[in-house]
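K.L.:
model the structure of this input:
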Amino acid sequence: MNDNSKNLIEIEDLHFAYGSNQVLKGIQLAVPRGKVVGILGVSGAGKSTILKLIGGQRRPDRGAVRVNGRVVHELDNKGLYDMRREMGMMFQAGGLFSDISVYENIAFPMRELTDLPEDLIHDLVLMKLHAVGLRGSRTLMPNELSGGMARRVALARAIALDPMLVMYDEPFAGLDPISLNLIAELIRRLNDALGGTSIIVTYDVSETLKVVDYAYFIHDGVVVASGTPEELLGSADPSVHQFIHAEPDGPVAFHYPHRPYTSDLELISRE
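P.N.:
Numbers count the residues shown, from 1 in each chain. Below you'll find the model as predicted:
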């Protein structure tokens, strides 16, 4: 079933926990069709968990995720498989198959999910690699790529089948400034060229706010701020201000919750 509403994804009152660790505590957000949307927050805020719930890898404890009008956790195996065929994913660590070439990595989803003839797959692979500036790398193995090149190959694979939705999990992590800026520009340009919808999950503020249409900031399991890049940059919310300006002091704590330091020292001395 295809839905014609303006939002491709709608998340309502989403709760999720890993055991006793309550990660999401009532997330509300929407991703409009044709837009690039950022989900920002510190490490451990639940950003990647949201992507897993969108893709059906996890089931919510409460609430719902709708993708193209379908409630993800209500889909059977076939429905979930069909939905995932319309999604592309750029994994946090790239996720390239290490024992096959760049060309074979891009061709893999085409061979697995379509009945396209090999000559057409050849042309499509070269087209996707050309789009990310790496057509000349098709015979290389993943271990012969730099970090930035590997991310671009992963990006080419994510868009291999022109999906309706592409999700990027920390696409800028570990990149030098030149590669980082290039990947950010590619995400924006490819989204517009393909007419798709993109979600960027990241803690990198500066590059993300340059390319997204709208962004959400997650803190303590809920959306504490949302808006255009300009609105977030001007936000008066203390946690947003601290995050955007990388300030050490504020509501976003550096330390994981713990007992007083002196209590731990006393415990060790008694042992």
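
K.L.:
just give me the neighbour total for Glu230.
P.N.:
Neighbours of Glu230 under the rule other C-beta atoms under 10 Å: 8. C-beta here means a position set from N, CA and C on the backbone, and glycine is covered the same way.

K.L.:
please apply the same query to Ser5.
P.N.:
Counted with other C-beta under 10 Å, the burial measure for Ser5 works out to 12 neighbours.

K.L.:
any idea how far the closest residue to it other than its chain neighbours is from Leu155?
P.N.:
Taking C-beta to C-beta, 6 or more residues apart in numbering as the measure, Ser5 lies nearest to Gly69, with 6.9 Å between them; neighbours along the chain are not counted. In this structure, Gly69 and Leu155 are separated by 27 Å, where distance is defined by C-beta to C-beta, to the nearest Å.

K.L.:
for this structure, where's the lowest mean pLDDT among helices and strands?
P.N.:
Lowest by mean pLDDT, DSSP states H and E among the helices and strands of the chain is helix 261-270, with a mean of 68.

K.L.:
quick one: the residue nearest to Ser5 and Asn7 touch, right?
P.N.:
No: with the criterion set as C-beta atoms under 8 Å, Gly69 and Asn7 do not qualify as a contacting pair; they are 9.4 Å apart.

K.L.:
low-confidence ranges in the protein?
P.N.:
For the chain, the stretches flagged by pLDDT under 70 are 1-4, 250-258, 266-271.

K.L.:
try it again with 50
P.N.:
Per-residue confidence for the chain (pLDDT under 50) gives these ranges: 1.

K.L.:
the strands in the stretch 1-150 of the chain, which residues?
P.N.:
Along the stretch 1-150 of the chain, the segments classed as strands by DSSP state E, counting those that start in this stretch run 7-18, 21-32, 36-40, 62-67, 70-71, 87-90.

K.L.:
let me redo that: the stretch 151-271 of the chain
P.N.:
Ranges of strands within the stretch 151-271 of the chain are 165-169, 197-202, 214-219, 222-227, based on DSSP E, counting those that start in this stretch.

K.L.:
put the alpha carbons of stretch 132-143 into CSV.
P.N.:
Listed next in CSV are the C-alpha coordinates belonging to stretch 132-143 (Å, rounded to 0.1, in the frame of the first residue of the first chain):
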residue,chain,number,x,y,z
VAL,A,132,30.2,9.5,-6.0
GLY,A,133,33.3,10.2,-8.0
LEU,A,134,34.8,6.7,-7.8
ARG,A,135,34.1,5.0,-11.2
GLY,A,136,37.9,4.4,-11.5
SER,A,137,37.9,2.4,-8.2
ARG,A,138,35.6,-0.4,-9.3
THR,A,139,38.4,-3.1,-9.3
LEU,A,140,39.7,-2.2,-5.9
MET,A,141,39.1,-4.2,-2.8
PRO,A,142,37.7,-2.5,0.4
ASN,A,143,41.0,-2.7,2.2
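
K.L.:
from the middle of its chain, how far away would that stretch be?
P.N.:
On the basis of C-alpha atoms, centre = their mean, to the nearest Å, stretch 132-143 is displaced by 23 Å from the centre of the chain it belongs to.

K.L.:
ok, stretch 212-224 next?
P.N.:
Taking the mean of its C-alpha atoms, stretch 212-224 sits 13 Å from the chain's own mean (C-alpha atoms, centre = their mean).

K.L.:
in PDB, list the C-alpha atoms belonging to it.
P.N.:
Output in PDB follows, covering the C-alpha atoms of stretch 212-224 (Å, rounded to 0.1, in the frame of the first residue of the first chain):
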ATOM      1  CA  VAL A 212      19.400  19.300   6.000                       C
ATOM      2  CA  ASP A 213      16.000  20.900   5.500                       C
ATOM      3  CA  TYR A 214      14.800  20.200   9.000                       C
ATOM      4  CA  ALA A 215      16.300  18.700  12.200                       C
ATOM      5  CA  TYR A 216      15.300  17.100  15.500                       C
ATOM      6  CA  PHE A 217      17.400  17.200  18.600                       C
ATOM      7  CA  ILE A 218      17.000  14.300  21.000                       C
ATOM      8  CA  HIS A 219      17.900  14.400  24.700                       C
ATOM      9  CA  ASP A 220      17.000  12.200  27.600                       C
ATOM     10  CA  GLY A 221      14.700  10.000  25.300                       C
ATOM     11  CA  VAL A 222      12.500  12.800  23.900                       C
ATOM     12  CA  VAL A 223      12.700  15.500  21.200                       C
ATOM     13  CA  VAL A 224      13.600  18.700  23.000                       C
END
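
K.L.:
right, I'll leave it there.
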